[in-house]
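In: I'll drop the sequence and a predicted model, then ask my questions.
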Amino acid sequence: MVLESKELVWCMAGMPGVDISKRVPIRDLFERGEVGREYVVAGWVDAVRVHGGIVFVVLRDRSGRVQLVVKKNVSREAWQKARDLSLESVVVAKGRLVESKAALGGRELQVTELEVLAEADPLPIDIHEPEKTVLAKRLDWRFLDLRNPRNQLIFLVEAEMARAARQWFIEHGFVEIFTPKIVGSATEGGAEVFTVIYFDKPAYLAQSPQLYKQMGVIAGFEKVFEIGPAFRAEPHHTTRHLTEYTSIDFEMGFIKSYEDVMDVVEGVVKAMIEAAIRKYGDVIREYFPDAWLEPVKEVPRIDIAEVKQLLAKKGKILSPEEDLDTEAERMIGEIVLEEYGSPLVFVKRYPWNARPFYTMPCTCAVEGAQYPECCRDLRPDTPTCSFDLLFRGLEIATGGQRQHNPQCLVEQIKQKGLNPENFKWYIDMFRFGAPPHGGAGIGLERVVMQLLGLKNIREARLVPRDPERLIP
RNA sequence: GCCGCGGUAGUAUAGCCCGGCCCAGUAUGCGGGCCUGUCAAGCCCGUGACCCGGGUUCAAAUCCCGGCCGCGGCGCCA
């Protein structure tokens, strides 16, 4: 082959200048770097301080920050480039590692060569102090916002929690499944689904993998889980709702009661919280003063009727068929923290009125229950085998036992005012041997939000979607 | 979806109630200058803005209407 152009030679041999393949992570300079040796580092320009013949450049990569010292009398060429650097430009530098009492971390790099790989325009937001810019504006420039270590940490924590959940499920015999997100019928019959055009038919974005994970159990996998997106077309303007979020879902067969399901939720959520604290506890403490960083002991499980009694003592009156409202959830979070020392609490036996059609009513889950009479005339306040999990006063998970008797299912669909015709394929699943089963869904961003003490769930979503925001 | 509050330089804000003293103040950024040990560097000089549309008025950043967007609360929810 004949090489004709200079560019082609560079392509084969690499760019001219400092050899980026010799690059070491900045943290290594402090942890195992030898003083006196030469190193190559590369990253973003975090700060530039020009003092005439000496320029200090703080360089940042994902592992940390180091001060580069660029002196005119060492390399005039490097010094000239350094004094013209704009913040967040990408540079690669070669220099000698030296001890310095004045430098952050006690070491700095005396630069001999400096290359600018990509110049940055003036920044539209202050990335050093995110709180100086409103969240909406930060989200417009999310890729810059995330260069801040605090903001990046949120997603390192999120990744670790998702990893811990996945590991917990696998270790406990759950099979990971991947269910459709384009669906032909709305799961729970509500209006809160996004419509999409699927060739010539209307279709919807899945608001939950609910019916499909049940299919997984009934299909014979017995225990399944999925970590995937869920879509809700509800125009909430709140600090805890997204229209697109990550749901950690599982479903398990051959359960004795919904207590078995709560055992799993408790196991998974504890594993997530412990993993985050183990891996990032110290850094979290540094950036998030409101974070929950204590190990979680046993999680109390309280009847909603009992919860309402506790609330009544504090002056909050709720009727038997009512769900807990926002204030009630916050209050019960405080009460449980005080009485049990737990940031987590299960509230169980929600009334039929407050639960979807597929929920197992307690009238069907008692010994000797007669199908389908047990579900015939459910009252609004009939207790169901269901629960919510609250973390620091916010709902982070919902679950329960599911109705697995096809006749009762039809009955319950009707009682919710829905048309059984629309759920034919779903009901059919229960006509060929469906074991007693249950499951739950955990909102990943909400867990992260509550652990770190974030004020807005949008911070816990890489690129959040809310009723207004579609870009970026 | 309902209720309330808001939209001023790249960013964050003052001014708005009580229209003219505002060709809009401050901080930071940005541009230029001085500076060889700074670390939110400092000092000097400069630059840059009233969300869009309509209305009231001699006069609108300021008052009124509509739109778009943002923030918070609620319902609801993960």
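Out: Sure, I can see it. All figures in this text were calculated on a predicted structure; none of them were measured in a lab.

In: in three-state terms, label residue A:88 for me.
Out: On the three-state scheme (DSSP: H, G, I helix; E, B strand; the rest coil), residue A:88 is labelled coil.

In: any idea how far it is from residue A:40?
Out: The spacing between residue A:88 and residue A:40, counted by Cβ to Cβ, to the nearest Å, is 20 Å. Every residue, glycine included, has its C-beta placed from N, CA and C.

In: point me to the residue of the stretch 1-150 of chain A nearest RNA strand B.
Out: residue A:52 (1.9 Å; Cβ to the nearest atom of the strand).

In: now that residue. Its backbone dihedrals?
Out: phi 70, psi -110 (degrees, to the nearest 10).

In: what sits against the closest residue to it other than its chain neighbours?
Out: With Cβ to Cβ, 6 or more residues apart in numbering as the criterion, residue A:52 has its nearest non-adjacent residue at 7.9 Å, and that residue is residue A:72. By Cβ atoms under 8 Å, 6 or more residues apart in numbering, the contact list for residue A:72 reads A:52-54, A:79.

In: any chance of a ChimeraX selection covering the buried ones in those?
Out: Buried residues within those, by 16 or more other Cβ atoms under 10 Å, are selected in ChimeraX with:
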select /A:54,79
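
In: narrow the contacts of residue A:72 to those in helices?
Out: residue A:79 (DSSP state H).

In: next up, the contacts around residue A:337.
Out: Applying Cβ under 8 Å, 6+ apart, the residues near residue A:337 are A:343, A:392.

In: just to be sure, it is in a strand?
Out: No. Counting by three-state DSSP, residue A:337 falls outside a strand, being helix.

In: may I have stretch A:376-396 as PDB, with CA atoms only?
Out: What follows is stretch A:376-396 as a C-alpha-only set of coordinates in PDB (Å, rounded to 0.1, in the frame of the first residue of the first chain):
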ATOM      1  CA  ARG A 376     -68.000 -11.800  44.200                       C
ATOM      2  CA  ASP A 377     -68.900  -8.700  46.100                       C
ATOM      3  CA  LEU A 378     -65.800  -6.800  46.900                       C
ATOM      4  CA  ARG A 379     -66.400  -3.600  48.900                       C
ATOM      5  CA  PRO A 380     -64.300  -0.500  48.500                       C
ATOM      6  CA  ASP A 381     -62.700  -1.200  51.900                       C
ATOM      7  CA  THR A 382     -62.200  -4.900  51.400                       C
ATOM      8  CA  PRO A 383     -58.500  -5.500  52.300                       C
ATOM      9  CA  THR A 384     -56.200  -6.900  49.600                       C
ATOM     10  CA  CYS A 385     -53.000  -8.800  49.700                       C
ATOM     11  CA  SER A 386     -51.000  -5.800  48.600                       C
ATOM     12  CA  PHE A 387     -48.400  -3.400  50.000                       C
ATOM     13  CA  ASP A 388     -46.400  -0.300  49.300                       C
ATOM     14  CA  LEU A 389     -42.900   0.300  50.500                       C
ATOM     15  CA  LEU A 390     -42.100   3.800  51.700                       C
ATOM     16  CA  PHE A 391     -38.500   5.100  51.900                       C
ATOM     17  CA  ARG A 392     -38.200   8.300  54.000                       C
ATOM     18  CA  GLY A 393     -41.800   9.000  53.500                       C
ATOM     19  CA  LEU A 394     -42.000   8.400  49.700                       C
ATOM     20  CA  GLU A 395     -43.500   5.500  47.900                       C
ATOM     21  CA  ILE A 396     -40.700   3.600  46.200                       C
END
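
In: that stretch vs RNA strand B: in contact?
Out: Yes. Looking at stretch A:376-396 against RNA strand B by Cβ under 7 Å from any atom of the strand, the contacts come from A:388-389, A:395-396.

In: nearest to residue A:299 among those?
Out: When the residues of stretch A:376-396 next to RNA strand B are ranked by distance to residue A:299 (Cβ to Cβ), residue A:389 comes first, at 7.7 Å.

In: tell me if I'm right that residue A:341 and residue A:296 touch.
Out: No. Residue A:341 is beyond contact range of residue A:296, at 9.7 Å (criterion: Cβ atoms under 8 Å).

In: for the stretch 1-150 of chain A, which residues are neighbours of RNA strand B?
Out: Checking the stretch 1-150 of chain A against RNA strand B by Cβ under 7 Å from any atom of the strand, the hits are A:47, A:49-54, A:56, A:58, A:67, A:69, A:71-73, A:86-87, A:100, A:102-104, A:108, A:110, A:122-126, A:128-129, A:132-137.

In: before we move on, back to that, turn the contacts of residue A:72 into TSV, including pLDDT.
Out: Formatted as TSV, the contacts of residue A:72 follow (pLDDT from 0 to 100):
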residue	pLDDT
A:52	87
A:53	89
A:54	92
A:79	92
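
In: ranges for the strands of the stretch 351-472 of chain A?
Out: A:386-391, A:394-401, A:437-443 (DSSP state E, counting those that start in this stretch).

In: what angle sits between the second one and strand A:386-391?
Out: Going by axes from the mean of the first three to the mean of the last three Cα atoms, to 10 degrees, strand A:394-401 is angled at 160 degrees with respect to strand A:386-391.

In: run through who's touching strand A:394-401.
Out: A:240, A:255, A:257-258, A:261-262, A:265, A:269, A:329-330, A:333, A:350, A:355, A:359-360, A:365, A:384-390, A:436-443, A:446-447, A:449-450.

In: buried among those residues? Make that a ChimeraX selection.
Out: Buried residues among the contacts of strand A:394-401 (16+ other Cβ under 10 Å), as a ChimeraX selection:
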select /A:240,255,258,261,262,265,269,329,333,350,355,359,360,365,384,385,386,387,388,389,390,436,437,438,439,440,441,442,443,446,447,449,450
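
In: okay, now the unreliable bits of the stretch 151-300 of chain A?
Out: A:186-191 (pLDDT under 70).
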